[in-house]
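Visitor: How does the following fold in three dimensions:
(2 chains)
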Number of protein chains: 2
Amino acid sequence: MITIGIDIGGTSMKAALTEPGGAVLAKTRRPTLADNSRDATIEQLHSCIEELTAKAAESGHTVDGIGIGVPGTIDLERGVVYHPPNLPQWDEVPLADIMRSRWPVDVRIDNDANCAALGEAHFGAGRDYDNFIGLTLGTGVGSGIILANRIYHGERGFAGEFGHITIDYNGPRCNCGNLGCVEAYIGIRYMMRDAIPILQNESSSPLHQRARNNPESLSPEDLSRAASDGDAVSAGVLRTAGERLGVAIASAANLLDITTFIIGGGISAAGDVLFDGIRGSATSRALRVHRARLTILPASLGNDAGMLGAASLLL
Amino acid sequence: MITIGIDIGGTSMKAALTEPGGAVLAKTRRPTLADNSRDATIEQLHSCIEELTAKAAESGHTVDGIGIGVPGTIDLERGVVYHPPNLPQWDEVPLADIMRSRWPVDVRIDNDANCAALGEAHFGAGRDYDNFIGLTLGTGVGSGIILANRIYHGERGFAGEFGHITIDYNGPRCNCGNLGCVEAYIGIRYMMRDAIPILQNESSSPLHQRARNNPESLSPEDLSRAASDGDAVSAGVLRTAGERLGVAIASAANLLDITTFIIGGGISAAGDVLFDGIRGSATSRALRVHRARLTILPASLGNDAGMLGAASLLL
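Guide: Presented below is the predicted three-dimensional model:
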């Protein structure tokens, strides 16, 4: 089965033509044109598919299905996308029907975080695990729950909002309205909110002056670079962020008896210091039966996870 | 299919002979003799089964299977029970094999909290819900996750440790070693630990003098009685306990897209004031998509949930 997988991001969409084993026969990408119009974005999807369908034909293949990962809430049965925050021109879009009317093949749509987890399950760091939670650390905390090698969707397709596990019921206000969601600590903006006063007070950090003069310019990547160059202050901030993520991981492991967590997304590039924080906290907090088994791994597919997972929606 | 379901508690075991629809043909119970010896408890099981098998024979039935709910960790595949905290004489007990060697029928074993949730799923407050989490509030917080009308066991059968969802990562120490588990607020002992200083300071409460002179005598039932008699202090303690449980409920709803929670166990008898606290907190904290749908119900089978659920393990 030859499928096309597309991952629609806020700024660009990535598409791959894949064989069942996950071999990528061809790749392409387009700007999402998120601020333009709904139809402009949909035309970009068609354009990706056209290009990849032509590539398939060149090598004597036909495309059997199209899978699309969309940031936002999705009615899986009807293939309708609701108000994706990063596609402001989209309200309620019957994306599966729109695609099927142009491409007479099987079309599946799912949430982008679910697709990323499914990609890791089939082709990445999750290949050896039947059950895991895939986390994507970025502006928010995306996540997909993989049970028996399939996406767990919950009652209505909304499952996997790992970022909105509370870790302190008196904690800082999260975007969602709740207090103390783990996302309200390790979402990029929140993490930097915590980091900047620390850097402003610690003159030993190479980021000290920037934190004082131009704090908006600082990103988790700066912390990560400074930490690998030996800055203990930046390392401390990242370790603390990891420890907080570990709290929610322990809660999820205890509730679900899932002991594998695969972590990707921009912040996860911070590497060892972040992962040490996550592992230390999750392991010490999880129930005894889970401690020796807890496995916290970096994702291995990077930005390709979403499109490869989208292609696997057809499998 | 005529089955026997047995719920082994710390002080007594309850057994029922049931028809597939859940009709109870006969019931019996025995002291568990938990402090006596492993075999003494197992003899009590045999004795229950003998009595109910005889009852079945009287009405022309044969028993097709036996389901047993055990407090503690279970290897479901092998039917082995590990170190149940309330059965101190049990270490690693191959209970399924032991029972099968005496009774040549299908034998299934599961955790008692899972059985209670399954009982509610088949015959109680969960009948109309395919997916819910059943909580039993007592010394600890037992729970069973029902997905598509079946117990969700997780990777190794340890799923459903809802009590060990963290609600404050700097919170009080839980029995399990972690800080701020929801059980460390609403387990009976922990709840009373929080209640007593409040009652000791509030002379308006009818429990004030007892809290000063004989605090160990106070139980959640006392709070509940005082609250229904109009004591605002006791009502406040119960409402706060409910609000804390609501934090963990919102986390679980967000992670799993499960919106029904069925709550039983001794403390749940506190009724409206507790449930108002739970509902208020869970509803305000869950993601917007869940708020209107969140359904938090009292369990309806009381102490019979476990044995009826155990009987349904065979279905």
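Visitor: if I pick A:G242, what's in contact with it?
Guide: Contacts for A:G242 were tallied using C-beta atoms under 8 Å, 6 or more residues apart in numbering or on different chains; they are A:273-281. In this view, the C-beta of every residue, glycine as well, is placed from N, C-alpha and C.
Visitor: I'd like the distance from the helix or strand it falls within to the chain centre, please.
Guide: Applying DSSP states H and E as the criterion places A:G242 in helix A:232-256. In this view, helix A:232-256 has its centroid 17 Å away from the chain centroid, taken as C-alpha atoms, centre = their mean, to the nearest Å.
Visitor: and A:G67, bridged to which residues?
Guide: When assigned by DSSP bridges, A:G67 has beta-bridge partners A:G5, A:R108.
Visitor: Neighbours of it, how many?
Guide: 26 (other C-beta atoms under 10 Å in any protein chain shown).
Visitor: for the stretch 201-315 of chain A, what are the low-confidence residue spans?
Guide: Within the stretch 201-315 of chain A, no stretch has pLDDT under 70.
Visitor: Closest residue of it to chain B?
Guide: Closest residue of the stretch 201-315 of chain A to chain B, C-beta to the nearest C-beta: A:D257 (2.4 Å).
Visitor: just the stretch 51-200 of chain A next, same as before
Guide: Counting by C-beta to the nearest C-beta, the stretch 51-200 of chain A gets nearest to chain B through A:G154 (2.4 Å).
Visitor: Go ahead and confirm A:E183 touches A:G171.
Guide: No. With contact defined as C-beta atoms under 8 Å, A:E183 does not count as touching A:G171 (10.7 Å).
Visitor: quick revisit: ramachandran coordinates for the residue of the stretch 51-200 of chain A closest to chain B?
Guide: For A:G154, the backbone dihedrals (degrees, to the nearest 10) come out as phi 80, psi -170.
Visitor: contacting residues for it?
Guide: By C-beta under 8 Å, 6+ apart, the contact set of A:G154 is A:160, B:131, B:256-258.
Visitor: same check, this time on A:I66
Guide: Contacts of A:I66 by C-beta under 8 Å, 6+ apart are A:3-6, A:49, A:99, A:103, A:105-108, A:314.
Visitor: Which helix or which strand is home to A:A211?
Guide: Per DSSP H and E, A:A211 falls inside helix A:208-213.
Visitor: In that helix, which residues are buried?
Guide: For helix A:208-213, the neighbour count (16 or more other C-beta atoms under 10 Å in any protein chain shown) marks A:208, A:210-211 as buried.
Visitor: Which SSE is immediately downstream of it?
Guide: Toward the C-terminus, helix A:208-213 is succeeded by helix A:220-228 as the next helix or strand (DSSP H and E).
Visitor: quick revisit: packing partners of the helix holding A:A211?
Guide: helix A:188-201 (3 or more C-beta pairs under 8 Å, 6 or more residues apart in numbering or on different chains; DSSP states H and E).
Visitor: Report the angle between the helix it packs on and helix A:220-228.
Guide: 50 degrees (axes from the mean of the first three to the mean of the last three C-alpha atoms, to 10 degrees).
Visitor: which outside residues touch helix A:188-201?
Guide: Residues contacting helix A:188-201 (C-beta under 8 Å, 6+ apart): A:138-139, A:172, A:183-185, A:205, A:207-208, A:210-212, A:215, A:218-220, A:223, A:233-234, A:236-237, A:240-241, A:266-267.
Visitor: can you rerun that using 6 Å?
Guide: Helix A:188-201 has contacts (C-beta atoms under 6 Å, 6 or more residues apart in numbering or on different chains) with A:139, A:184, A:205, A:207-208, A:211-212, A:215, A:220, A:237, A:241.
Visitor: For the closest residue to A:N114 other than its chain neighbours, give me phi and psi.
Guide: Distance criterion C-beta to C-beta, 6 or more residues apart in numbering or on different chains; nearest residue to A:N114, sequence neighbours excluded, is A:G144 at 4.0 Å. In terms of degrees, to the nearest 10, the main-chain angles of A:G144 are phi -130, psi 140.
Visitor: Who are the contact partners of A:G144?
Guide: A:113-114, A:117, A:134, A:151, A:160.
Visitor: Now the residues you listed in CSV, please, with extra columns for neighbour count and secondary structure.
Guide: Shown next, in CSV, are the contacts of A:G144 (neighbours: other C-beta atoms under 10 Å in any protein chain shown; DSSP: H, G, I helix; E, B strand; the rest coil):
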residue, neighbour count, secondary structure
A:A113, 29, helix
A:N114, 29, helix
A:A117, 33, helix
A:G134, 34, strand
A:I151, 25, strand
A:G160, 26, coil
